[in-house]
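[1] Below are the sequence and a predicted model; questions follow.
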Amino acid sequence: MNTAWKNEVADMVQTLAPPITEKPHSALVQNGKRVLALLVMAGLLVVVMLLSVFVGSGDIPFSDVWHAIWHGRDGSTNAEIILSNRIPRTLLGVIVGAALGVAGALIQALTRNPLADPGVLGVNAGAYFVMVLGFAVFGATSTSGNVLFAMLGAFAASILVYFVGSRGRGGASPAKLVLTGVAVSCVFTGVAFGMTMVDPKAFDNIRGWQVGSLQKDQTQSILETIWPYILVGLVIALLLTAYLNAIALGDDRARALGVPVTSVRGAGFLSMTLLCGAGTAAVGPITFLGLMVPHAVRTVVGPDQKWIIPASMLFAPVLFLGSDVIGRVIAPTEVPVGMVVAFIGAPVLIYLARNSKFNEL
């Protein structure tokens, strides 16, 4: 009897052994695939950056672009265009694209809303509205002033949308937040547009931000102003990834696991404010980018926020810069990148809203 019992235990151990030994191997393979996906995204980003430098609305030969990159200014018009316009424009697209992509992933994780996006929820419109208000009331025309007012507007809009959308039966459901965000966005955009129409000449520079464009007169100055804010926002977002998976389980379960939910959500909104405020002040209100990118990378790296945030940081600039390149060559005159992104993003929003699989994260 004792021998039979020992044999039965040995058979059980033998049966259980393969899954125990395969689990670490499976996780290692999965992480290897995720690392490979990040490397592919980084490679795509390099390719799109090169396209952004070499391709434009102006017909500049490849040899002239190459010479300007390696030898600097030589007094020619083409070299000046490359060094003063295309390269700073490319860097601006990378920085702002990363900021908006991470902001979208962050707000989706914090609200557990798959339809959340800084543009859809009115955050970018709030940033634009307060920026116009700052120009009208305080005469803030510098990039640094625009950034500060835009961040204030982004924060105020996010709080307003969440407060209004969480009232009533069902709390802050995805559909209610989206509807509230669209309403707030329409109000802010309409008022800001009306203010700019009162005195078109005075608001001429501000009105250029309305459609969202990377074509700027002082791109280098804009870059120098916004990159510290975006860097801080990205660092905060990366530090929060360890807590976002727990928050996806619900606030009560996250607290049971020792996660400081209130502090994490506050830090997340601070990061989103920095990213959206600086990005909107630089190029204008861009919609749908933060909505599309997290869903796209989630299909590749899975639901783990530790991978979604870095993947969004890499893939969002690919889509953003790619849209800008398309806008340069799709028509006789340049089409603003905000219009190209919206043209791609609107069908994505409709699909996600109709697909029951995306009802919650």
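    Sure, I can see it.
[2] Ramachandran angles for Pro303?
    For Pro303, the backbone dihedrals are phi -90, psi 0 (criterion: degrees, to the nearest 10).
[3] Can you give me the pLDDT of it?
    Per-residue confidence for Pro303 comes out at a pLDDT of 86.
[4] So what's the residue count around it?
    Around Pro303 there are 11 other residues, counting by other C-beta atoms under 10 Å. Glycine gets a C-beta too; all of them are placed from N, C-alpha and C.
[5] what do you get for Asp251?
    Around Asp251 there are 14 residues (other C-beta under 10 Å).
[6] change the start of the numbering to 7 and stick with it
    Sure, I'll start numbering at 7, so the last one becomes Asp257.
[7] any idea how far it lies from Thr268?
    Distance of Asp257 to Thr268, computed by C-beta to C-beta, to the nearest Å: 9 Å.
[8] I'd say Gly62 and Gly333 touch.
    No. With contacts counted by C-beta atoms under 8 Å, Gly62 stays clear of Gly333, the gap being 10.7 Å.
[9] So if I had to pick from the two, which one is more boxed in?
    With other C-beta under 10 Å as the criterion, Gly62 and Gly333 differ in neighbour count, and Gly333 comes out ahead with 23 against 19.
[10] Next, Ala122: phi, psi?
    Per-residue torsions, Ala122: phi -70, psi 140 (degrees, to the nearest 10).
[11] pLDDT wise, what is it at?
    Reading off the per-residue confidence, Ala122 sits at a pLDDT of 75.
[12] List the residues that contact it.
    Neighbour list for Ala122: 110, 113-114, 180, 183-184, 297 [criterion: C-beta atoms under 8 Å, 6 or more residues apart in numbering].
[13] pLDDT below threshold where in the chain?
    7-31, 33, 63, 146-150, 174-181, 205-216, 355, 358-367 (pLDDT under 70).
[14] Contacts only, for Ala160.
    Counting by C-beta under 8 Å, 6+ apart, Ala160 touches 124, 129-130, 132-133, 278-279, 282-283, 286.
[15] Spatially nearest residue to Gly132 (excluding sequence neighbours)?
    Nearest residue to Gly132, sequence neighbours excluded (C-beta to C-beta, 6 or more residues apart in numbering): Ala163, at 2.4 Å.
[16] Surely the one you found and Phe194 touch.
    Yes. Assessed by C-beta under 8 Å, Ala163 is found in contact with Phe194 at 6.8 Å.
[17] list the residues that contact both of the two?
    Taking C-beta under 8 Å, 6+ apart as the criterion, Ala163 and Phe194 both touch 128, 131-132, 135.
[18] Can you say which of those residues are buried?
    If you count burial by 16 or more other C-beta atoms under 10 Å, the buried members of those come out as 128, 131-132, 135.
[19] is it possible to export those to a markdown table including secondary structure?
    What follows is these, written out as a markdown table (DSSP: H, G, I helix; E, B strand; the rest coil):
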| residue | secondary structure |
| --- | --- |
| Gly128 | coil |
| Ala131 | helix |
| Gly132 | helix |
| Phe135 | helix |
